[in-house]
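Asker: Provide a 3D model corresponding to the input given below.
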Amino acid sequence: MRLIIIWIAIFACATLVAQCFSGQPVTRKPLSETHRPEVVTGFSKRLELGVFEAFTDEILRSIDPPQRPTGFFVLAGPRLRFPSGRIAAVDGPGFEDQQLAFDFPKGTFAVEVLMARQPGTPAPGSPARAYDDPQMGAILFSAKPVARWQPASFREDGEPGCIVTDGGTVAFIDSGAVQDLADYFFALPDRLPRSKRPRPDGEVDLVMTDYPLGLRAPKGDAFLMRTGVGDGCFNTSYGLAADGSIVALLVDFTGVVEGHEE
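Answerer: Residues are numbered from 1 along each chain as shown. Here you go, the predicted structure:
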């Protein structure tokens, strides 16, 4: 019996050596396939605005009547994991991560996006087509009411309350999962389906239709949002309860600060 086992071992080693010298690679599962994150879609529509309700009047006042939204709703997503207590804000195309300077609660939390129903602008020879446009996104850490909002701060260089953007995507990622998700996140926009959306000047944009979405990875999750605009920075705030604990991390897509140096 021992002799048979020895012969099997010798045969296996010889086969492996022959495979190597013949130029045929040893079969090995790519790391990217092994650690491919789970893409989470299926956000549900909700009319109750929750933490966003305090901002809708200001949004309406800032837009002239022809383009003023006709209503708002919330896309409520799945609960995502942020186990490290550290969160990075990430711009899509360049994957520039800004580490937020706050010790967040560790756990699994709800994510939401405020959407506005836009009336659209008629193009030559065709009527106006309404569309839904993202206004804000938030991670909700608590059900407590927000007593005050303060600009977000960053652990390294960065303008307080300002997430740099150079494209149409922003994400909040658990800091422990940034490296695991970097390659996949960078390529994700090319993998999503796109649909046509009219612009006020009569032109048409191709927008990614699966946003918002979540990415689940072994070390933590990511919350991805389509912003629609870029080349500047987005106002970002901490919503704090009366006792100073954090209720929400919110990013505002309606007030992009143009000309911000990246």
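
Asker: Tell me where the stretch 151-262 of the chain has helices.
Answerer: Secondary structure of the stretch 151-262 of the chain by DSSP state H, counting those that start in this stretch: the helices cover 178-187.

Asker: Flag the shaky bits of it, pLDDT-wise.
Answerer: For the stretch 151-262 of the chain, residues meeting the criterion pLDDT under 70 lie at 157-159, 166-168, 183-210, 228-231, 255-262.

Asker: swap the cut-off to 90 and go again
Answerer: Applying pLDDT under 90 to the stretch 151-262 of the chain flags residues 153-171, 176-218, 224-235, 253-262.

Asker: residues in contact with residue 160?
Answerer: Neighbouring residues of residue 160 by C-beta atoms under 8 Å, 6 or more residues apart in numbering: 151-154. In short, each C-beta sits where N, CA and C put it, glycine included.

Asker: make it 7 Å
Answerer: 151-153 (C-beta atoms under 7 Å, 6 or more residues apart in numbering).

Asker: Whichever of these end up buried, select them in ChimeraX.
Answerer: ChimeraX command restricting those to the buried ones, with burial defined by 16 or more other C-beta atoms under 10 Å:
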select :152
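
Asker: Which of the contacts of residue 160 fall in strands?
Answerer: Among the contacts of residue 160, the members falling in strands (DSSP state E) are residue 151.

Asker: So residue 66 lies in a strand, does it not?
Answerer: No. Going by DSSP: H, G, I helix; E, B strand; the rest coil, the assignment for residue 66 is helix, not a strand.

Asker: Now do it against residue 236, distance only.
Answerer: To residue 236, residue 66 is 29 Å away according to C-beta to C-beta, to the nearest Å.

Asker: Mind checking which of the two has more residues around it?
Answerer: residue 236 (23 against 10; other C-beta atoms under 10 Å).

Asker: how about the closest residue to the more buried one other than its chain neighbours, what does it touch?
Answerer: Nearest residue to residue 236 in three dimensions, chain neighbours excluded: residue 152, at 4.2 Å (C-beta to C-beta, 6 or more residues apart in numbering). By C-beta under 7 Å, 6+ apart, the contact set of residue 152 is 100, 160-161, 236-238.

Asker: at 8 Å what do you get?
Answerer: Residue 152 touches 89, 100-102, 160-161, 163, 236-238, 249, counting by C-beta under 8 Å, 6+ apart.

Asker: out of these, which are buried?
Answerer: Using 16+ other C-beta under 10 Å, the buried ones in the contacts of residue 152 are 89, 100, 161, 163, 236-238, 249.

Asker: Of those residues, just say which sits nearest to residue 140.
Answerer: residue 249 (8.5 Å; C-beta to C-beta).
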